[in-house]
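Novice: no sequence for this one, just the structure:
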C-alpha cells in the first residue's frame, strides 16, 4: 500500500498480522498509509484486519491503533514495569477446543448483525487470541455502540465466554466475568457519498488459519 496505494476498484482490503506500523507523514516519510486508508473507507471501503498477541510482540502500532480507535476498536495489551510490551492472551480451560485452553470456543453476540448469520456458522474458534474493547467516543445505543458524530455503529460479533481470563506478563489482568472480551467486531459507517463502509476486526490471526477455515465442524 505504501508504494502503490489502494486500487480504485478494490472491493475488499485485508491486513493480516502486520509486522510494522502503518506510515504517517512526518520528517521521515512523505506518504501516509493511514490517509490512504481513511480516504478508501470514506468512499465505502471494506476492510478486514486480523491481529493477535504475537502481532504486538513485534513492536508498537501507534498509527494503526489510532485509526482503529476511531472505528471503535481497542485491542487490549499491556506494558510491564520495564516498559516492554506484554501482550494479553486469553485462556478459557472450560470452553476450549484444546487442552491448553488457548483455542477458545466463542459465543455469538445478540444483535442485528449476528441474527443475519446462519446458525451453522456460529460455532467459531479463536486460537491464540487477545481481545478487544470499545474505544472512547463510542456510546452504547441498543445493540450497538455509536460514535459521537452518529456516523459509525460498532457491533460485537463474537465474545469470549464468562469463564475466560486474560493473561499478560504471567499475571491475570482481566476476566470476562467482569467485562466483555470482544473477539471479533464489525463497524458500519454511513459515508457522505451515500455508500456504507465496513471494518471487521479480529483479535486472532488463527481464526483465519487454513485448519480453522476448512474445518467441517467450525463456522470460521
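Specialist: It's in. Fair warning: this is a prediction, and the values are worked out from it, not measured in the lab. Numbers count the residues shown, from 1 in each chain.
Novice: pull the longest helix from the chain.
Specialist: helix 33-42 (DSSP state H).
Novice: and for that one, what are the contacting residues?
Specialist: Applying C-beta atoms under 8 Å, 6 or more residues apart in numbering, the external contacts of helix 33-42 come out as 1-2, 5-6, 10, 13, 22-25, 45, 47, 63-64, 66-67, 189, 191-192, 197, 199. For the C-beta atoms, the positions are set from N, CA and C on the backbone; glycine is no exception.
Novice: in it, what's buried?
Specialist: Counting neighbours by 16 or more other C-beta atoms under 10 Å, one finds that the buried residues in helix 33-42 are 33, 34, 36, 37, 40, 41.
Novice: ok, now stretch 166-181?
Specialist: Going by neighbour count (16+ other C-beta under 10 Å), the buried part of stretch 166-181 is 166, 167, 168, 174, 176, 181.
Novice: Report the mean per-residue pLDDT for that stretch.
Specialist: The pLDDT scores in stretch 166-181 average 92.
Novice: contacting residues around it?
Specialist: Counting contacts by C-beta under 8 Å, 6+ apart, the residues touching stretch 166-181 from outside are 76-78, 80, 86-92, 130-133, 156, 159-165.
Novice: at 6 Å instead, please
Specialist: Applying C-beta atoms under 6 Å, 6 or more residues apart in numbering, the contact partners of stretch 166-181 are 78, 80, 86, 88-91, 131, 159-160, 162, 164-165.
Novice: any weak-confidence spans in the protein?
Specialist: In the predicted model, the chain carries pLDDT under 70 at residues 1-3, 26-29, 58-59, 79-85.
Novice: mind listing the helices for the chain?
Specialist: In the chain, helices defined by DSSP H lie at 33-42, 53-57, 62-69, 112-115, 210-213, listed in chain order.
Novice: how about CSV for these, with distance to residue 124 added?
Specialist: Below are these laid out as CSV (distance: least, C-beta to C-beta, whole Å):
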stretch, distance to residue 124
helix 33-42, 25
helix 53-57, 18
helix 62-69, 21
helix 112-115, 11
helix 210-213, 8
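Novice: Which among the contacts of helix 33-42 count as buried?
Specialist: Burial of these was assessed by neighbour count (16+ other C-beta under 10 Å); the buried members are 6, 13, 22-24, 45, 47, 63-64, 67, 189, 197, 199.
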